[in-house]
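Q: below is the sequence, then the predicted model.
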Amino acid sequence: KQEVTQIPAALSVPEGENLVLNCSFTDSAIYNLQWFRQDPGKGLTSLLLIQSSQREQTSGRLNASLDKSSGRSTLYIAASQPGDSATYLCAVKRRTTDSWGKLQFGAGTQVVVTP
Amino acid sequence: EADIYQTPRYLVIGTGKKITLECSQTMGHDKMYWYQQDPGMELHLIHYSYGVNSTEKGDLSSESTVSRIRTEHFPLTLESARPSHTSQYLCASSRGGEAEAFFGQGTRLTVV
């Protein structure tokens, strides 16, 4: 059974510091891992998608790594800004025969960036 | 740009009413998902569709039902709403395999 865990559950940093968010998963049978951002009461915005064969993906100030063998992904946000305050979620797309294509989420990391 | 739409965005309804939450996507995706999210809590998959006429329940038990008679449309129905159904409902879609998933803006349901 796949379990997705995000640590820490909450994080508060001053503006300008780098953010490091962690995601771990127990079953390496995945198609990909996707990082999302969620603002309060809103839907999810996709930030980065890493295929299972990839090690890293970058977009602007965001960089995500994937180590499928150890079941870990890390999202780095450089030079944080107050606008980065949100909940960040990771999700794995499962490829086991009983869960083919299902997205499974971690509980999220709530980030606050103070001016 | 994600083309997946949910209506209504907000709904307040009385106990016992029947409701349908709409979800449509124009990307031709075969996989569609419904998630339930209570305030401050994690997302739980409640329904999943592999394609037309193919649906199954998710990891979290739900009294809602879904249908998929067209590729682009995946409505969720509650036959008799209860206060315990108060939550945010999020719809998503994806192509198969390694493709990215896209989410709608969600429907915030309040049952009074």
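A: Yep, that arrived.
Q: buried sites along the strand or helix carrying A:S46?
A: Secondary-structure element containing A:S46, defined by DSSP states H and E: strand A:44-51. Neighbour-count burial for strand A:44-51 flags A:44, A:46-51 (criterion: 16 or more other CB atoms under 10 Å in any protein chain shown). C-beta: built from backbone N, CA, C; applies to glycine.
Q: and stretch A:47-58, how far from the chain's centre?
A: 11 Å (CA atoms, centre = their mean, to the nearest Å).
Q: need phi/psi at B:K57.
A: phi -70, psi 150 (degrees, to the nearest 10).
Q: what's the answer for A:G83, then?
A: phi -70, psi -10.
Q: what's around it, how many residues?
A: 9 (other CB atoms under 10 Å in any protein chain shown).
Q: ok, what's across the strand from the closest residue in space to it that isn't next to it in sequence?
A: Nearest in space to A:G83, with sequence neighbours left out and distances taken as CB to CB, 6 or more residues apart in numbering or on different chains, is A:V113 at 7.8 Å. Here A:V113 sits in beta bridges with A:V13, going by DSSP bridges.
Q: now A:Q57
A: Bridge pairing for A:Q57 - DSSP bridges - gives A:A64.
Q: so what's the residue nearest the centre of chain B up against?
A: Nearest to the mean C-alpha position of chain B, by CA atoms, centre = their mean, lies B:W34 at 3.4 Å. By CB atoms under 8 Å, 6 or more residues apart in numbering or on different chains, the residues touching B:W34 are B:23, B:45-48, B:58, B:64, B:66, B:74, B:76, B:89-91.
Q: now it: phi and psi?
A: According to degrees, to the nearest 10, B:W34 has phi -120, psi 130.
Q: and the strand holding A:S46, which strands flank it?
A: Short version: by DSSP bridges, strand A:44-51 pairs with strand A:30-38 (antiparallel).
Q: what does the partner strand contact?
A: Taking CB under 8 Å, 6+ apart as the rule, strand A:30-38 contacts A:23, A:25, A:44-52, A:62, A:64, A:66, A:68, A:73, A:75, A:86-95, A:101, A:103, A:108, B:97-98, B:100-101, B:103.
Q: next one: that strand to chain centre, how far?
A: From the chain centre to the centre of strand A:30-38 is a distance of 6 Å (CA atoms, centre = their mean).
Q: tell me, how many neighbours does the closest residue to A:W100 other than its chain neighbours end up with?
A: Leaving aside its sequence neighbours, A:W100 sits nearest to A:R94 (CB to CB, 6+ apart; 7.0 Å). Per other CB under 10 Å, the neighbour tally for A:R94 reads 19.
Q: B:M41 in helix, strand or coil?
A: Assigned with DSSP: H, G, I helix; E, B strand; the rest coil, B:M41 falls in the coil class.
Q: look at it and say how many residues are nearby.
A: 12.
Q: now do the same contact list for it.
A: A:A107.
Q: tally of neighbours for B:Q105?
A: Neighbours around B:Q105, by other CB under 10 Å: 18.
Q: distance check, the residue nearest to it when sequence neighbours are not counted against B:G96.
A: Of all residues not flanking B:Q105 in the chain, A:G43 sits nearest, at 4.2 Å (CB to CB, 6+ apart). Relative to B:G96, A:G43 is positioned 22 Å away (CB to CB, to the nearest Å).
Q: returning to what we had before: could you report the neighbour count for the residue nearest to B:Q105?
A: When neighbours are counted by other CB under 10 Å, A:G43 comes out with 22.
Q: is chain B within reach of the lowest-mean-pLDDT helix or strand in chain A?
A: Between all helices and strands in chain A, the lowest mean by mean pLDDT, DSSP states H and E belongs to strand A:103-105, at a mean of 90. Yes: Strand A:103-105 is in contact with chain B by CB under 8 Å from any CB of the partner chain, via A:103-105.
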